[in-house]
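Q: Next one to model:
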Amino acid sequence: MPHDIINGHIGHNHAADHLHSHMEPEDEAADLQVLCGQFIEGFKEARDKAAYLKIAGVPLERHDPSGGPDLKLVDVALKTEWQVGTASPSFGSRELSYLAFPGEMIIERTNMAFVYVSSARREDLDLRAFLADRAGL
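A: Okay, the predicted model is just below:
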């Protein structure tokens, strides 16, 4: 396929109204889920947790946007939940429609948060937000 050099970058020769494709939100969410899973597994297996966080670019301090003292990383929290059923609004009733999952459908979900504190406040930075920002999702 022919290429053009535009603003110093090599690109495919496209019509002027062509827009580059982007991932669908569902695909981005799936990618983020995989990234989070791999990050958590790597952290759990790492012999040197501090080195793992450093390599991953997790900041040890964060600026407080409200102007307070900088926040310091003090904890990495892992939370595991198992979805054992689902509940949704019922038509014509205030009761929820509930569906318990059979054993093989029970889903384990683990999430991680970085806990930052200062003398003024606490802030939990969710791993999904951290990785989405780093990956540009």
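
Q: CA atoms for contacts and neighbours, from now on please.
A: Will do.

Q: Give me the neighbour count for Met112.
A: Look at Met112: counted by other Cα atoms under 10 Å, it has 19 neighbours.

Q: just the strands in the protein please.
A: 3-6, 9-12, 61-62, 71-83, 85-89, 96-100, 107-117, 122-126 (DSSP state E).

Q: Can you list the buried residues in stretch 81-100?
A: In terms of neighbour count (16 or more other Cα atoms under 10 Å), stretch 81-100 has no buried residues at all.

Q: Convert the C-alpha atoms of that stretch to PDB, please.
A: This file holds the C-alpha atoms of stretch 81-100, laid out as PDB (Å, rounded to 0.1, in the frame of the first residue of the first chain):
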ATOM      1  CA  GLU A  81     -15.400 -10.500  45.300                       C
ATOM      2  CA  TRP A  82     -17.400 -13.400  43.900                       C
ATOM      3  CA  GLN A  83     -20.600 -12.600  41.900                       C
ATOM      4  CA  VAL A  84     -23.000 -15.300  43.000                       C
ATOM      5  CA  GLY A  85     -26.100 -13.900  41.300                       C
ATOM      6  CA  THR A  86     -27.700 -11.000  39.600                       C
ATOM      7  CA  ALA A  87     -30.600  -8.700  40.500                       C
ATOM      8  CA  SER A  88     -32.500  -6.300  38.200                       C
ATOM      9  CA  PRO A  89     -35.700  -4.300  38.400                       C
ATOM     10  CA  SER A  90     -38.900  -6.300  37.900                       C
ATOM     11  CA  PHE A  91     -41.700  -5.100  35.600                       C
ATOM     12  CA  GLY A  92     -44.600  -3.700  37.600                       C
ATOM     13  CA  SER A  93     -43.000  -4.500  41.000                       C
ATOM     14  CA  ARG A  94     -40.800  -2.800  43.600                       C
ATOM     15  CA  GLU A  95     -39.100  -6.200  44.200                       C
ATOM     16  CA  LEU A  96     -36.000  -7.000  42.300                       C
ATOM     17  CA  SER A  97     -35.900 -10.000  40.000                       C
ATOM     18  CA  TYR A  98     -33.100 -12.200  41.400                       C
ATOM     19  CA  LEU A  99     -31.300 -15.000  39.600                       C
ATOM     20  CA  ALA A 100     -28.800 -17.000  41.700                       C
END
